[in-house]
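Peer 1: Build the 3D model from these lines:
(chains A, B, C and D)
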4 protein chains.
Amino acid sequence: MVDLNIAYIGGGSRNWARTLMNDLATCPDLNGEVRLYDIDIEAARINERLASIIWAQPEVCSHWHFRTFESLPAALKGADLVIISIQPGSLEQMAHEIAVAEKYGLFYPVGDTTGAPGLMRGLRSVITYAGFAEAIAEYAPDAWVINYTNPMTICTRTLTRVAPQIKAFGCCHEVFGTQIILANLAQEILGLEDLPTRDEIHVNVLGINHFTWIDRAEYRGHDLVALLREYIQRPGILHTYTQEQVEAQSNWFYDPCQIKFTLFQRFGILAAAGDRHLAEFVPGFIRSPDELFRWGIIRTPVSWRMEVYKESARLVEDLLAGRETFALRITGEEAVRQIRSLFGLEDFITNINMENQGQITNLPLHSVVETNACFSRDRVQPLVAGSLPLSVHGLVMRHVANQEMIIEAALTRDKALAFQAVFNDPTVNLPIDRAWAMFNEIGFPDEW
Amino acid sequence: MVDLNIAYIGGGSRNWARTLMNDLATCPDLNGEVRLYDIDIEAARINERLASIIWAQPEVCSHWHFRTFESLPAALKGADLVIISIQPGSLEQMAHEIAVAEKYGLFYPVGDTTGAPGLMRGLRSVITYAGFAEAIAEYAPDAWVINYTNPMTICTRTLTRVAPQIKAFGCCHEVFGTQIILANLAQEILGLEDLPTRDEIHVNVLGINHFTWIDRAEYRGHDLVALLREYIQRPGILHTYTQEQVEAQSNWFYDPCQIKFTLFQRFGILAAAGDRHLAEFVPGFIRSPDELFRWGIIRTPVSWRMEVYKESARLVEDLLAGRETFALRITGEEAVRQIRSLFGLEDFITNINMENQGQITNLPLHSVVETNACFSRDRVQPLVAGSLPLSVHGLVMRHVANQEMIIEAALTRDKALAFQAVFNDPTVNLPIDRAWAMFNEIGFPDEW
Amino acid sequence: MVDLNIAYIGGGSRNWARTLMNDLATCPDLNGEVRLYDIDIEAARINERLASIIWAQPEVCSHWHFRTFESLPAALKGADLVIISIQPGSLEQMAHEIAVAEKYGLFYPVGDTTGAPGLMRGLRSVITYAGFAEAIAEYAPDAWVINYTNPMTICTRTLTRVAPQIKAFGCCHEVFGTQIILANLAQEILGLEDLPTRDEIHVNVLGINHFTWIDRAEYRGHDLVALLREYIQRPGILHTYTQEQVEAQSNWFYDPCQIKFTLFQRFGILAAAGDRHLAEFVPGFIRSPDELFRWGIIRTPVSWRMEVYKESARLVEDLLAGRETFALRITGEEAVRQIRSLFGLEDFITNINMENQGQITNLPLHSVVETNACFSRDRVQPLVAGSLPLSVHGLVMRHVANQEMIIEAALTRDKALAFQAVFNDPTVNLPIDRAWAMFNEIGFPDEW
Amino acid sequence: MVDLNIAYIGGGSRNWARTLMNDLATCPDLNGEVRLYDIDIEAARINERLASIIWAQPEVCSHWHFRTFESLPAALKGADLVIISIQPGSLEQMAHEIAVAEKYGLFYPVGDTTGAPGLMRGLRSVITYAGFAEAIAEYAPDAWVINYTNPMTICTRTLTRVAPQIKAFGCCHEVFGTQIILANLAQEILGLEDLPTRDEIHVNVLGINHFTWIDRAEYRGHDLVALLREYIQRPGILHTYTQEQVEAQSNWFYDPCQIKFTLFQRFGILAAAGDRHLAEFVPGFIRSPDELFRWGIIRTPVSWRMEVYKESARLVEDLLAGRETFALRITGEEAVRQIRSLFGLEDFITNINMENQGQITNLPLHSVVETNACFSRDRVQPLVAGSLPLSVHGLVMRHVANQEMIIEAALTRDKALAFQAVFNDPTVNLPIDRAWAMFNEIGFPDEW
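Peer 2: Next up, the predicted model:
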């Protein structure tokens, strides 16, 4: 039984907070306090109330107290662990960034990680995260820090660049999706009765968040990369979509796997993110809505995100009012498993985003990369994942360099450098004067 | 007085050979033999005859004998110096490569260095140059080797990669043009009576051929980079062109300086090549003929190159027939000055293309880079040029990586890798299936 | 249940072979064939007979067939695993190497890894191992290769340098001893009833074989490095020895821990090898027998090794004649556990010697280093161990460089380079002419 | 004609100041002010008076005013150039450091650069130089800074580490001596009438100060390295000395060349410093006075340095009193030539100590290394010198690492790290407890 103090920055979250509550409520060997901190303090207070309702439910098997803090230092003091999961800027700002890019002929399906909108979002995030880094270094220097915010790489790297002494890493479940694709492949081709679990699909992961690659995948001695190589040669696996087919899809997060599999066909290594993300990292896909449709992709509308946000508020109101009950479930998130591990309850290996200390031989030291790591008491030790193949290295390295430039640009308020990063993004491909116009229209923060 | 044996590969040249003859004819302290080797042996024989006519002219101040050799080994044996200046493939092939790229929406003004046509041309060149490297290593291992062929970086790097022991470098006068632009700037802004000579414009050069950068430029204590920074802010210096204005230009090699100056405006460092080349290295410019016109650029038609080629033949015929006389002149080329230096007659500093041994801190060792170097007896010693700024590094590094991939692909006959290089070219920006179609239409050599 | 073909090079071993037999005999889920190959074929045949006697014992819980092969290719063809455990050269040669070094004032307690005798032994081993590497690459390219021979680093690195495609690593139990020292420390200071097992002492290992370092050691949340820091300050822990005290010790492998603890006191990081080895890596200790006595160390006489060798022969004769029975026991060796893991029966983490792919940030890529690694089906994946502190890096790096030079010298038969490595050894410290005399007296192979 | 303000730190110098005065007095195209700053202000005032006497001499061909400043900031403000030439600590301190080392069996011939006394002297120097660096960065950020103080590498590196923006390099004439040795060799072997000048002996220089190496040496097309290789094989060239022979030498700086030539014999590359210095960098030579005698070396007594110091005072008194006249001469120092170059009067190439920006491929970036560099207006641009051979790299790298550790230790007041550097010095080779005792007896500054 471990007793913990968790500081939760962004504790007014409308969705992720409930996942955390669920996972803590169903974990019998962790107890303690979660200190909610949010610039929207009312939202934090709502979560505090929600937690007290959940922990009143009899099936909950742990003891946790959620408390709202008005100041970040107060929330951090004495924390064993810091969780950061925020929305950097409003959804309106996100909508604006994506819309300006579209005006210049760049159609981003997500817009939160890279490309013109993602880098501008990154620019804003750096300032916020630099503040977090300084506060953590001062008030909770020994705490573990887990980041969940996108752009993942920029946020996590800002923490370690501004305060190298803090123990920070970033978590993302994007790779899990590719493991499930591989599990399905194994089941189909090997004729298995049951779908293998994610833990049974052993993958070597290397790259950066949302642009991670798998060069080895194994299930009980079967080489899944070789199986996939055969699989995509079957007639009909690689195909194009029509706009109608795409729009008929009801799920905004549907992954058609056409970009992933075509990259695999040409590069011989498997990208481990959804096609929506991949389209934003590799040149050629985002040049028009039609081009995206051809690959089976529809852009996630920010208006839909706004709707989800409102619905979440309604759901929470219902829970608080007792009109709905909070049903405990298995979420598939790993946060609580990682926390158990860091505090000595279990060792395990999973993929995380962390400063490169050698885990990827041909990416720069200190850049934040995504690989497998071994979690144990007070330690997250990456496994050596090896090198990216020469050609994929080129694709990845541009983004690594741009992300570092964005961080540098934000920390030094260097507008020219911020523009250079946006201009260098491989999907932008605009004449330099048009790129400059777009950059200014998206808007470099005036106050800098 | 130095006596030399020069093996000249591509000795059937219709133009560059006459420049060499001129410069040897006017240099009083070098004598010897030039051994012409060419796959078109008749063309070499014509140059042999032309040389004997030139050296019969009384104003010639040296003794040189030009001889045609049927085999490369025979031409190389005993050579003190090897000059390579060839056309890798026919002009028809070049026209085809450029035309296919245009079909896919990529409009390259030159097409001999990078981009889809340049890389495919590079692929072909590697095979030819690998043969040269092996022959030189066997028959003239101590000779200095000067390359003049484009793609300069790929050709020179193939020599040193296949035969690391040979002493090879590449020469290009592209930087000279930027020095003249700076000389004009100095004259105008400083109110000088005379145009400074190229030797008086001290520049620090760093980058790769046709994509070299100048981060310091000085004339008698005046900082020309600072002067340029002011200059481009004058009204009218940065401007757009109309198609009519561009087409009114009679010179295919006219440099409008708009790309160079706009890159300088945004990146703070001066690209040292003509805009026609720069447009092929930086994303955004080659997307349509109109976009090129907007920047003042017209594509050099291969048909024009074919015409020049024919005219040269006519001119040589006239010279051989005595209908024309060969007027000696100052060419502005540096080959003979470099040769004098390598054989102990003068030390001097100029820019050349050579394996990176540290001269550019943040480009890979062994890649061929362009910087200043000190020429002296039997030595070409690069000066440390420093690092490219982070953002320009990103622009340059993509090409360095692609060129290395093209060489690897050619030497190992790896079609997938060759495609990956073309796909990774920052100007290509096609969906991966369209890029694959273009790549196959340009044509990976069947026989591989 | 896994069925394996194991090729055992050095299968005529008089001691290690019996350990392997014991461990295979007590492991219920591995079966198969062990193919014995040895330049002393009679010795291999004896082990074949011994195995048949052991596997006739009723308490044996597996099925293994041991067969002698006269040629290495035959032994290798079809092998899933190759074990190499040889004596490189005779014990007489070893005695000679150590004796010459002593004549020049250098007194090595072991003489098989580094220092003048160890490097000369390495030189010989390289030639032998280059032959193994070529044979394995040709006849068993997919097999896993485990090396047990000293000098561990030189032997293992020769395998991967000569045949980079083979899957080789090296095993040594030297670190286990330091884990036991830490277990005893934990028991004493924390007042534990039971001695913690080696698995419970979590250490981060980094360095090279016999000169490995521990910068983190943890037992159930207790920082053992901090405990050790206090422990060595207790009166009497650090002390000197007299010759009499040392000679009274009956065990040649006794570890007085004085060098280890004094290095820890001054460098703040714990060397994870016995003092006998450490004395050969760090300057100052081997300058006289008295100096060694002062630190509690006696040199292991080669005559004793010869005696052990003879006794082993007698023991085997007794076993074959039925005068002795082979009692199965727990050996503490990890070979069989590693094999189980490589063939899919268990995942675990232990320390091994492997090419640096990034696991140690500040040692050269490709040098063979010792760190923890995760064993799983068909994979040994190192954990990122981080960097050696600046000062320890200096101590280690000299040996890394010397070992690489010895390998290069052997492969290219470069006597000057071999001498340079010996001269550069930090314990040699002789005037260069005396070092040259010693080097020649130990003897660079004449036939080279 | 150039007009300069030179700040001279250590301007109370009893010897080097007169050399500077001489060289400025004989250089017709430089004029200006020299601002003398010294902790011994009286000594500076004496030099001010001496200068006014010298500039009253009719044969002086320039106009310089020497002024004493009481504060460093005042001396620096407005300076175009800063010269630093100090004695770090008293000669008594130097005598103590050398004597303690001798007590522990380490006999250093010079004691100012490396080894136990040199590193301890370095430790002291760092603190002083850190102060200079900060003052220069504040008061003369655009000035060129030339260091002449030993330990050269530590002092110069401290400047650039503490204030990376300042333009600093270090000068030493040690390499000149080896050029003269080569000139004599060329004259003797080639049968030349005249001794070649230093400028005619072209050498490629690479290494660190006092431990620099020459891998190419050329005189008019003759390979001097090859000539030397033959030369040392002549009978009697390599030989040992007796104590009597050595003591019969009247010159403390006599260079017997035995260490240099024997290293050349075994390593194939020529060390470019006097044997007195080399003995302090390479293991084996300083183990006893007899060993040094055997190589022809006698230790320079600090008592002699004290005597010289007193004599200088007497000489200056005589000059001031008019009892002696100051005869202008050719000193062979390069300071004034370098200054002329930096201010636009001449370009030339010479060897200097500067941060590694790539000039030596296999030494760490930012460490201070010695190579050739091209001097021109406002620029010192190193030439790429290439890589040290593997084995020499090992010898040099230890010192590079130790010097960096000493600087780090001084700046962070880290006694343990300072000790580690001393212990790691390849000439120390003491048991760690004895090394610790010596370290403490030499004395880590109490006040830290």
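Peer 1: can you count the residues close to the residue of the stretch 301-448 of chain A found nearest chain C?
Peer 2: Distances from the stretch 301-448 of chain A to chain C, computed as CB to the nearest CB, single out A:G358 as the nearest residue at 3.3 Å. (C-beta placed from N, C-alpha, C; glycine too.) For A:G358, the count of nearby residues is 25 (other CB atoms under 10 Å in any protein chain shown).
Peer 1: I'd like the distance between the residue nearest to it when sequence neighbours are not counted and B:C171.
Peer 2: Computed as CB to CB, 6 or more residues apart in numbering or on different chains, the closest residue to A:G358 that is not its neighbour in sequence is C:G358, at 3.3 Å. The gap separating C:G358 from B:C171 is 39 Å, by CB to CB, to the nearest Å.
Peer 1: ok, which residues in the stretch 301-448 of chain A are in contact with chain C?
Peer 2: Neighbours of chain C within the stretch 301-448 of chain A, by CB under 8 Å from any CB of the partner chain: A:344, A:349, A:357-361, A:365, A:374, A:376-379, A:381-384, A:386-387.
Peer 1: Would you write a PyMOL line that selects the buried entries of these?
Peer 2: Applied in PyMOL, the following selects the buried portion of these according to 16 or more other CB atoms under 10 Å in any protein chain shown:
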select buried, chain A and resi 349+357+358+359+360+361+374+376+377+379+381+382+383+384+386+387
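Peer 1: The residues of the stretch 301-448 of chain A next to chain C in strands, which ones?
Peer 2: Counting by DSSP state E, those place A:349, A:374, A:376, A:379, A:381-382 in strands.
Peer 1: Quick check: which element contains the residue nearest to A:G111 when sequence neighbours are not counted?
Peer 2: Leaving out its chain neighbours, the residue that sits closest to A:G111 by CB to CB, 6+ apart is A:P117, at 4.0 Å. Assigned by DSSP states H and E, A:P117 belongs to helix A:115-139.
Peer 1: ok, now A:N5?
Peer 2: Following DSSP H and E, the helix or strand that holds A:N5 is strand A:2-9.
Peer 1: In the sheet, which strands lie alongside that strand, parallel or antiparallel?
Peer 2: Counting by DSSP bridges, the strands paired with strand A:2-9 are strand A:30-37 (parallel), strand A:81-84 (parallel).
Peer 1: The helix or strand just after the last one vs helix A:115-139, what angle?
Peer 2: So that's strand A:81-84. Toward the C-terminal end, the helix or strand that comes next after strand A:81-84 (DSSP H and E) is helix A:91-103. For helix A:91-103 against helix A:115-139, the angle between stretch directions is 150 degrees (axes from the mean of the first three to the mean of the last three CA atoms, to 10 degrees).
Peer 1: tell me the helices in the stretch 151-300 of chain A, going along the chain?
Peer 2: Using DSSP state H, counting those that start in this stretch, the helices assigned to the stretch 151-300 of chain A run over residues A:152-162, A:174-190, A:224-231, A:243-248, A:258-267, A:275-281, A:289-294.
Peer 1: Let me have the ones you listed in CSV, extended by distance to D:I432 and mean pLDDT.
Peer 2: Below are the helices of the stretch 151-300 of chain A laid out as CSV (distance: least, CB to CB, whole Å; pLDDT from 0 to 100):
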stretch, distance to D:I432, mean pLDDT
helix A:152-162, 36, 98
helix A:174-190, 48, 96
helix A:224-231, 51, 98
helix A:243-248, 71, 94
helix A:258-267, 53, 98
helix A:275-281, 53, 97
helix A:289-294, 67, 97
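Peer 1: Let's have the ones you listed in JSON lines, adding mean neighbour count and distance to chain B.
Peer 2: As requested, those are exported to JSON lines (neighbours: other CB atoms under 10 Å in any protein chain shown; distance: least, CB to the nearest CB, whole Å):
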{"stretch": "helix A:152-162", "mean neighbour count": "26", "distance to chain B": "14"}
{"stretch": "helix A:174-190", "mean neighbour count": "19", "distance to chain B": "18"}
{"stretch": "helix A:224-231", "mean neighbour count": "17", "distance to chain B": "12"}
{"stretch": "helix A:243-248", "mean neighbour count": "12", "distance to chain B": "15"}
{"stretch": "helix A:258-267", "mean neighbour count": "21", "distance to chain B": "5"}
{"stretch": "helix A:275-281", "mean neighbour count": "26", "distance to chain B": "10"}
{"stretch": "helix A:289-294", "mean neighbour count": "17", "distance to chain B": "6"}
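Peer 1: any chance of the ones you listed in TSV, plus distance to D:F281?
Peer 2: Supplementary listing: the helices of the stretch 151-300 of chain A in TSV, determined by distance: least, CB to CB, whole Å:
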stretch	distance to D:F281
helix A:152-162	39
helix A:174-190	52
helix A:224-231	53
helix A:243-248	71
helix A:258-267	50
helix A:275-281	51
helix A:289-294	65
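Peer 1: Let me know which of these is the nearest to chain C.
Peer 2: Comparing these against chain C with CB to the nearest CB, the closest turns out to be helix A:224-231 (12.6 Å).
Peer 1: Residues touching the closest one, excluding its own?
Peer 2: The list of residues contacting helix A:224-231 from outside it, by CB atoms under 8 Å, 6 or more residues apart in numbering or on different chains, reads A:182, A:185-186, A:189-190, A:201, A:214-218, A:237, A:261, A:264, A:270.
Peer 1: as a whole number, average confidence for stretch A:312-322?
Peer 2: Along stretch A:312-322, the predicted confidence averages to a pLDDT of 93.
Peer 1: quick revisit: and the helix holding A:P117, what's its mean pLDDT?
Peer 2: The average pLDDT within helix A:115-139 is 97.
Peer 1: from the chain's centre, how far out does the strand holding A:N5 sit?
Peer 2: Relative to its chain's centre, strand A:2-9 lies at 21 Å (CA atoms, centre = their mean, to the nearest Å).
Peer 1: Give me the buried stretch members for it, please.
Peer 2: Taking 16+ other CB under 10 Å as the neighbour-count basis, strand A:2-9 is seen to contain the buried residues A:4-9.
Peer 1: Now pLDDT and distance to D:E311 too, for those, in JSON lines please.
Peer 2: Rendered in JSON lines, the data for the buried residues of strand A:2-9 read as follows (pLDDT from 0 to 100; distance: CB to CB, whole Å):
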{"residue": "A:L4", "pLDDT": "97", "distance to D:E311": "75"}
{"residue": "A:N5", "pLDDT": "98", "distance to D:E311": "73"}
{"residue": "A:I6", "pLDDT": "98", "distance to D:E311": "75"}
{"residue": "A:A7", "pLDDT": "98", "distance to D:E311": "72"}
{"residue": "A:Y8", "pLDDT": "98", "distance to D:E311": "77"}
{"residue": "A:I9", "pLDDT": "98", "distance to D:E311": "72"}
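Peer 1: taking these as a set, which two sit the farthest apart in space?
Peer 2: Put simply, by CB to CB the two of the buried residues of strand A:2-9 set farthest apart are A:L4 and A:I9, 15.8 Å from each other.
Peer 1: middle-most residue in chain A, spatially?
Peer 2: The structure's chain A has its C-alpha centroid closest to A:C172; by CA atoms, centre = their mean the separation is 4.0 Å.
Peer 1: And it, how far from C:R434?
Peer 2: From A:C172 over to C:R434 (counting by CB to CB), the distance is 62 Å.
Peer 1: Repeat that for A:Y104.
Peer 2: Taking CB to CB as the measure, A:Y104 falls 75 Å from C:R434.
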